[in-house]
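**Q** Test case, fold it:
(one chain, ligands or ions: 1)
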Amino acid sequence: MSNAAVHEIWNGEAGRDWAENRADLDHFLGGSMAALLDLLPLAPGARVLEIGSGAGTFSLALARAVGPEGRVLGLDVSEPLLTLARRRGGRPSRSAVSTSRPRRWMPGASMSASRISA
Ligand SMILES: C[S@@+](CC[C@H](N)C(=O)[O-])C[C@H]1O[C@@H](n2cnc3c(N)ncnc32)[C@H](O)[C@@H]1O
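**A** Residues are numbered from 1 along each chain as shown. Predicted structure coming up:
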């Protein structure tokens, strides 16, 4: 799938639907997120990059796990979900991650480090 297609999908219906149904989706995915969190070698002070951080649910769980000395950087392409994540206390960045050519940056995308706190 091209970068443009991914951008269109997640800034269109998929992003809006995810934002509208975030609470239900978080509930549905809660068990998987908890299992994944258990598998990660996280320690207080760790630095974590989450690509596809969406509405920030997992990023916020990561931020709690790494504590005040840690850092979590969330990257995403979806404005509706980035907006929601910001409202929830995160400051995620727009992603410049390519889906098809990892070394190329998505045109017009910006990337900057940011902190997400629990
Ligand atoms: C299943 S949702 C993620 C949910 C999120 N982890 C959470 O805890 O709420 C998938 C996310 O991946 C993002 N995404 C898809 N392709 C991407 C790419 N190439 N770079 C960055 N984000 C991408 C979408 O915009 C969407 O927010």
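
**Q** can I assume L73 sits in a helix?
**A** No: L73 is assigned strand when assessed by DSSP: H, G, I helix; E, B strand; the rest coil, not a helix.

**Q** I'd say it and E50 touch.
**A** Yes: with contacts defined as Cβ atoms under 8 Å, L73 counts as touching E50 at a distance of 7.1 Å. The way it works is simple: take the backbone N, C-alpha and C, and place the C-beta from them, glycine included.

**Q** Among these two, which residue is more densely surrounded?
**A** For L73 versus E50, the count of surrounding residues by other Cβ atoms under 10 Å is larger for L73: 22 against 19.

**Q** what's the nearest residue to that one once chain neighbours are set aside in contact with, if anything?
**A** Distances taken as Cβ to Cβ, 6 or more residues apart in numbering put L49 closest to L73, at 5.0 Å, once the chain neighbours are dropped. By Cβ atoms under 8 Å, 6 or more residues apart in numbering, L49 lies in contact with 72-73, 75.

**Q** Cross-check these against the ligand and keep the overlap.
**A** Residues of the contacts of L49 in contact with the ligand (Cβ under 6 Å from any ligand atom): L75.

**Q** Adding distance to R16 and pLDDT, write the contacts of L49 out as TSV.
**A** As requested, those are exported to TSV (distance: Cβ to Cβ, whole Å; pLDDT from 0 to 100):
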residue	distance to R16	pLDDT
V72	25	84
L73	25	83
L75	20	86
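
**Q** so which of the contacts of L49 comes closest to N21?
**A** Among the contacts of L49, L75 lies closest to N21 (Cβ to Cβ), at 21.9 Å.

**Q** burial of that closest one, as a residue count?
**A** Using other Cβ under 10 Å, L75 has 21 neighbouring residues.

**Q** Give the bridge partners for it, please.
**A** Legend: beta-bridge partners of L75 under DSSP bridges are I51, S93.
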